[in-house]
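Enquirer: my questions are about this predicted structure, shown below with the sequence.
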Amino acid sequence: MALTREQIAMRVAREFKDGDYVNLGIGIPTLAANYVPDDISVMLQSENGLLGMGRYPTEAELDADMINAGKETVTAITGASIFSSAESFAMIRGGHVDFTVLGAFEVDVNGNIASWMIPKKLIKGMGGAMDLVAGAKNIIVTMTHADKHGNSKLLQECTLPLTGVNCITRIITDLAVLAVKDGAFHLTERAPGVSVDEIREKTAGKLVVPDSVPEMKL
Amino acid sequence: MALTREQIAMRVAREFKDGDYVNLGIGIPTLAANYVPDDISVMLQSENGLLGMGRYPTEAELDADMINAGKETVTAITGASIFSSAESFAMIRGGHVDFTVLGAFEVDVNGNIASWMIPKKLIKGMGGAMDLVAGAKNIIVTMTHADKHGNSKLLQECTLPLTGVNCITRIITDLAVLAVKDGAFHLTERAPGVSVDEIREKTAGKLVVPDSVPEMKL
Amino acid sequence: MAGFDKVVQSYEQAMAGLSDGMTVIAGGFGLCGIPEGLIAQIKTMGTKDLTFVSNNCGVDDFGLGILLEDKQVKKMISSYVGENALFEQQMLSGELEVELTPQGTLAEKMRAGGAGIPAFYTATGYGTPVGEGKEVKEFNGRPYILEESITGDFAIVRAWKADRYGNCIYRHTAQNFNPMAATAGKITVVEVEEIVEPGELDPAHIHTPGIYVNRVIKGTFEKRIERRVVSK
Amino acid sequence: MAGFDKVVQSYEQAMAGLSDGMTVIAGGFGLCGIPEGLIAQIKTMGTKDLTFVSNNCGVDDFGLGILLEDKQVKKMISSYVGENALFEQQMLSGELEVELTPQGTLAEKMRAGGAGIPAFYTATGYGTPVGEGKEVKEFNGRPYILEESITGDFAIVRAWKADRYGNCIYRHTAQNFNPMAATAGKITVVEVEEIVEPGELDPAHIHTPGIYVNRVIKGTFEKRIERRVVSK
């Protein structure tokens, strides 16, 4: 069965290693913070200028001057640091953030990603997404494999305005985990109970399927 | 009579306005800080990362972590700020320092300056001088009008490797104050008792002399 | 040190000299760390045809959003403008010109402007609409685009504390774009929660040295929260 | 948070991995704010053919100068090298390659290296030997030269206090080049006067966030004064 949002987040969290600095986008990526295994720690970077983002505040802790990149009120962990936007993106652009997890509208076989604009429909801006995909060492895209009309989001070539080129190497969807390399999606894991055929059917771009595709561990 | 080093410094100090941020090079420029008129204040920037440089420390105040750009022990005034070299040169390069005063080997009629290198003889490096002449809003060069062999330092064209081009607009020497513009030195003041003829004789580059050249006030 | 006293007593003095057609760089991220009183003063002044450089444009009735009501904004240079219905309407009708700029590039453009760096190369935006028409150059086999710096006629900044010399510190994540904005204005105006005497701020921990600051005014702030989320 | 504990117990661990031919970025200005123990460790290791990026090269018997004795330095990228007789001798004999770089450009090259900016334009050095062979471009009618960023295999840094996560603060003007150096090393090692627990440093006043730092070691420092000048 297709994974829930929480299950995608659980699978994402299994990618992290102890000591990773991680930037999580809005939505499913943010949920991944809830599923970091007990035996490791990651430190969350929020691109508005906070390294060591903590949980949401209690009513008593609420502070308008303490927000995350999604503009939500947050707290800082012990040992956090707070800095300017220029410093924050120096970290990101300079490759010091180990992992970025973000959503997307489309990804293609060349690792291009479209995530910020649907012409004539949605023009809110790219925020920090273009910097993040250009700067992070490892990027994971999380999204549903297909849109609500059943159209694949894993394409031979993106159709929407791009966020970045040749930058996506790993995708975790509700159906599968895929590596992006050599001009193809390489299926590495499938969601429990999801068949390779279903994944093949919902993947519009070139898909490489090995002889055996294990089920994800969550 | 030719000015002493102290007198050159006194004349330099008369250029400052209340509220000026000033960077003073090693030597005569540094002396200018001693002659700032009582009714105005300037704030000294030291390019190793100190805005609000104060006097030299007492024995009790000596601190190896508190130095100026000349690597001398210093103090900071009340209301100083201390920052990185990148921030310091952001201030300089960005034109936020109002005045830079520095020495030179040669200046020419196009406002070029040579101050850092004598091939095969003196190769110590430019330090911050190239950044300072490229960045400050107003630059004053202080030097003796001629070298100890009597050779003019105010040339038609610099002969030594340059520190900066088209950047010097004002020179204060032991003999005169000169503006540099339109491809010539323009004599504006002469040292008390120094004749225009002496200045003319010791200025190798094109010199424009107005009908009347007042004596400097010190 | 009278020449270094940057404190002004009124918002009129704080924004004196702002005129139609100018470019204003504004600190803040969302509604966090915005110079509320300086924005209100611009609304009061009714200055028109302004270009704003700011990560966001507030919301409909707060932050820079309030300047849209009387169409004071000609152009907006921002990374994200999705919180504001009036903004979208004026943008789609063509009344408002918008230059969407990646957030890190925007921060760096302000910093570069203040630091006398006219342009820099970044990988951000290469191959996307942001890179269109921009110079491309390869370094170590990777393509980068050339981005030019930004400076403003004015910069409006919100700080936590400033001393009379204009030395500023920011509170928590209200820092965001404010330090870069402060460096990039021909006239930089800082609205603060508290004015202190020189010497009260630790010299080694000043976020914005006073050399960048022209005017300081004590403000009072609503500090509206854009997305109030609490732990369950 | 074991994965974020950057503290190492020995200088051997601190400089493990340094090998012949590597590039090392070093903080410090003159003898102020230099990582004395890390430099001594490099001397002990005897690593050769090193390129150092540092504003200065110490003096004959202190700072980076001590690495000249056994000819460990192949190349030096600095703004000012006038305090060191052995340096001059090796430079003139051609044993030591020297790339003189303006101080502000050097600081910005390190910052850019750490910030993922491969190159930037600056007016500094245009029309001088520094600008020779470099790309020139005009912005607003003024010519600027293109300067490329610098990164190192190692960065060696001296801080005042660091916590276990590598968050650092610097003391007085011992800050200088250290924050930029810290960002620009593939492996950044910080030698500190005091190690504190996370939370002891104010999050808003950390000069170098721990994300840039790989190893922290507690050192002891001679802190030699280069030019002792006292008020009369």
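Expert: Looks like it came in fine.

Enquirer: what about the helices in chain A?
Expert: Using DSSP state H, the helices assigned to chain A run over residues A:5-13, A:28-31, A:85-93, A:129-135, A:196-201.

Enquirer: would stretch C:82-89 count as contacting chain A?
Expert: Yes. Part of stretch C:82-89 sits close enough to chain A to count as contact by Cβ under 8 Å from any Cβ of the partner chain, namely C:82, C:83, C:88. For glycine as for every other residue, the C-beta is placed from the backbone atoms N, C-alpha and C.

Enquirer: so the helix ranked longest in chain C versus helix B:85-93, what angle?
Expert: Counting residues, the longest helix found in chain C (DSSP H) is helix C:103-114. In terms of direction (axes from the mean of the first three to the mean of the last three Cα atoms, to 10 degrees), helix C:103-114 departs from helix B:85-93 by 50 degrees.

Enquirer: whichever helix or strand comes after helix C:103-114 close to chain A?
Expert: Using DSSP states H and E, the helix or strand that follows helix C:103-114 towards the C-terminus is strand C:119-122. Yes. Contact between strand C:119-122 and chain A, assessed by Cβ under 8 Å from any Cβ, occurs at residue C:122.

Enquirer: the strands in chain C, which residues?
Expert: Listed in chain order, the strands of chain C (DSSP state E) span residues C:23-26, C:50-53, C:73-78, C:97-100, C:119-122, C:136-139, C:142-148, C:152-163, C:168-169, C:185-196, C:215-218.

Enquirer: need these in a markdown table (columns: distance to residue D:154, mean pLDDT and mean neighbour count).
Expert: Below are these laid out as a markdown table (distance: least, Cβ to Cβ, whole Å; pLDDT from 0 to 100; neighbours: other Cβ atoms under 10 Å in any protein chain shown):
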| stretch | distance to residue D:154 | mean pLDDT | mean neighbour count |
| --- | --- | --- | --- |
| strand C:23-26 | 37 | 98 | 26 |
| strand C:50-53 | 38 | 98 | 23 |
| strand C:73-78 | 39 | 97 | 21 |
| strand C:97-100 | 39 | 96 | 16 |
| strand C:119-122 | 25 | 98 | 26 |
| strand C:136-139 | 21 | 98 | 12 |
| strand C:142-148 | 23 | 98 | 19 |
| strand C:152-163 | 37 | 98 | 27 |
| strand C:168-169 | 33 | 98 | 26 |
| strand C:185-196 | 38 | 98 | 22 |
| strand C:215-218 | 42 | 98 | 21 |
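
Enquirer: closest to chain B out of the ones you listed?
Expert: Distance to chain B, taken as Cβ to the nearest Cβ, is lowest for strand C:152-163 among those, at 6.0 Å.

Enquirer: out of the strands of chain C, which is closest to residue B:191?
Expert: Residue B:191 sits nearest to strand C:185-196 of all the strands of chain C, at 37.5 Å, using Cβ to Cβ.

Enquirer: quick check: angle from the closest one to strand C:152-163?
Expert: For strand C:185-196 and strand C:152-163, the angle between their directions (the same axes, to 10 degrees) works out to 20 degrees.

Enquirer: how far off centre is the helix or strand bottoming out on mean pLDDT in chain A?
Expert: With mean pLDDT, DSSP states H and E as the measure, the helix or strand of chain A carrying the lowest mean pLDDT is strand A:122-123 (a mean of 75). Once both centres are worked out by Cα atoms, centre = their mean, to the nearest Å, strand A:122-123 turns out to sit 20 Å from its chain's centre.

Enquirer: so how far is residue D:85 from residue A:93?
Expert: If you measure residue A:93 against residue D:85 using Cβ to Cβ, to the nearest Å, the figure is 42 Å.

Enquirer: just residue C:195 next, same as before
Expert: As defined by Cβ to Cβ, residue C:195 lies at a distance of 52 Å from residue D:85.

Enquirer: same check on residue A:58?
Expert: Residue A:58 sits 64 Å away from residue D:85, going by Cβ to Cβ.

Enquirer: what does residue A:36 give?
Expert: Summarising the geometry, the distance separating residue A:36 from residue D:85, computed by Cβ to Cβ, is 56 Å.

Enquirer: compare those two (neighbour count), which wins?
Expert: residue A:36 (19 against 11; other Cβ atoms under 10 Å in any protein chain shown).

Enquirer: lowest-pLDDT helix or strand in chain C?
Expert: Within chain C, no helix or strand scores below helix C:85-92, which has a mean of 88 by mean pLDDT, DSSP H and E.

Enquirer: using PDB, write down the CA coordinates of it.
Expert: Taking C-alpha atoms only, helix C:85-92 is exported to PDB below (Å, rounded to 0.1, in the frame of the first residue of the first chain):
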ATOM      1  CA  ALA C  85      -3.800  38.500  -1.600                       C
ATOM      2  CA  LEU C  86      -3.600  42.200  -2.500                       C
ATOM      3  CA  PHE C  87       0.000  41.600  -3.600                       C
ATOM      4  CA  GLU C  88      -1.000  38.800  -5.900                       C
ATOM      5  CA  GLN C  89      -3.800  40.900  -7.400                       C
ATOM      6  CA  GLN C  90      -1.600  43.900  -8.200                       C
ATOM      7  CA  MET C  91       1.100  41.600  -9.600                       C
ATOM      8  CA  LEU C  92      -1.300  39.800 -11.900                       C
END
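
Enquirer: in it, what counts as buried?
Expert: Buried residues in helix C:85-92, counting neighbours by 16 or more other Cβ atoms under 10 Å in any protein chain shown, are found at C:86, C:87, C:88, C:90, C:91.
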